[in-house]
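> give me a 3D structure for the following:
(chains A, B, C and D)
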Number of protein chains: 2
Amino acid sequence: MNVTFNKRDPVYVQVIRHFKEQIATGTFEPGQEIPSRRELANRLKINPNTAQRAYKEMEEAGLIYTERNLPSKITKDEKILQSVRKELIMEAVDNFVHSVRSINVPVEEVLTLVKEKYESGREGDEA
Amino acid sequence: MNVTFNKRDPVYVQVIRHFKEQIATGTFEPGQEIPSRRELANRLKINPNTAQRAYKEMEEAGLIYTERNLPSKITKDEKILQSVRKELIMEAVDNFVHSVRSINVPVEEVLTLVKEKYESGREGDEA
DNA sequence: ACAAGTGTATTAATCGATTAATACAAACCA
DNA sequence: TGGTTTGTATTAATCGATTAATACACTTGT
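Numbers count the residues shown, from 1 in each chain, chains lettered A, B, ... in the order given. Prediction:
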């Protein structure tokens, strides 16, 4: 549970992003308990309401669920879990293609650059 | 000179981006005159100060230059002109690779998706 | 000389999302 | 039972970047 915040995006957005990445990589199991709002706030040194906001949006998106006032858990819905990965990928691809298209970069050049860049930092998996 | 603004990014940032794209694609020639601040503001329906801010930042970056109070012009420095394209591309590639790495997408899958997406919308050149 | 168009600088207002404060309700556990 | 921990809701404050208002200086062309 290590998150480094940039100051460009809102904290709650970055928290959501972090959870989505954990889900997409399979670090979170279906049904797994996640930290309480206050617990997460303590760990990340953020305001409890900010944690709450992140959790609330994730719950509305079906990523987590809450029964009574027990600690929230990762959804067990495999469809949703898989779609998280797909959506993260598609979003990245869409943004990227849009960017390079707007400056007329040939597709071959694009592919070469991506491949090189991807393989250049190839050790372990730092986010 | 057609710009569609989103409401996520500041206007002046989008204006700069627009000019950079024009430079990167060669739509602007070295030394070419560009619209005055007020003229641009009129065309784009934005505040003159917003146009000024965009121009000021572009001037600081060496993209344009101003002699006395004549209309500003695109720089003639080929080094800078070329670097604009390179930087736009590199920025896009960096962001993209970072995104897909953080969710462990294999490079082959990434390349395939980019290629497909890139070639899917293949007609004319809409930004 | 004058009018209209440049670029520039200083200062102020806006504006909205984000973050925070606080209180409430329910459940669990010792 | 009582204290602690859940989740939740409502409201308020903050906060900073972005945008806007205004005035000035200079040049050009008629």
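
> contacting residues around the residue of chain A found nearest DNA strand C?
Nearest residue of chain A to DNA strand C (CB to the nearest atom of the strand) works out as A:N47 at 2.5 Å. C-beta coordinates here come from the backbone N, C-alpha and C atoms, glycine included. A:N47 sits next to A:A41 when contact means CB atoms under 8 Å, 6 or more residues apart in numbering or on different chains.

> over to A:P30?
Counting by CB under 8 Å, 6+ apart, A:P30 has contacts A:I74, A:T75, A:K76, A:D77, A:E78, A:L81.

> correct me, but the fourth one touches A:I64?
In this case it means A:D77. No - if you go by CB atoms under 8 Å, A:D77 and A:I64 don't touch, sitting 10.7 Å apart.

> more neighbours: those two, which one.
Counted by other CB atoms under 10 Å in any protein chain shown, A:D77 and A:I64 do not tie: A:I64 has more neighbours, with 23 against 13.

> is the more buried one in a bridge, and if so with what?
Note on A:I64: beta-bridge partners by DSSP bridges are A:I74.

> looking at it now. What's its pLDDT?
The score at A:I64 is 97. That number is its pLDDT.

> what sits against it?
Going by CB under 8 Å, 6+ apart, the list of residues near A:I64 reads A:F19, A:I34, A:Y55, A:M58, A:S72, A:K73, A:I74, A:T75.

> and chain A, which residues reach DNA strand C?
Contacts of chain A with DNA strand C, taken as CB under 7 Å from any atom of the strand, map to A:10-13, A:46-50, A:53, A:68-70.

> and the longest helix along chain A, what does it pack against?
If you go by DSSP state H, chain A has its longest helix at helix A:78-101. Packing partners of helix A:78-101 (3 or more CB pairs under 8 Å, 6 or more residues apart in numbering or on different chains; DSSP states H and E): helix A:11-24, helix B:78-101, helix B:107-120.

> and the last one, average pLDDT?
Read it as helix B:107-120. In the prediction, helix B:107-120 has an average pLDDT of 97.

> please name the nearest non-neighbouring residue to A:V97.
Nearest non-adjacent residue to A:V97, counting by CB to CB, 6 or more residues apart in numbering or on different chains: B:K117, 4.7 Å away.

> which one of the contacts of A:I64 is nearest to DNA strand D?
Using CB to the nearest atom of the strand, the contacts of A:I64 come closest to DNA strand D at A:S72, 4.7 Å.

> need the contact list for the closest one.
A:E33, A:I34, A:S36, A:Y55, A:E59, A:I64, A:Y65, A:T66.

> is the first one in contact with A:Y65, as I believe?
No - contact criterion CB under 8 Å: A:E33 and A:Y65 do not qualify, at 11.2 Å.
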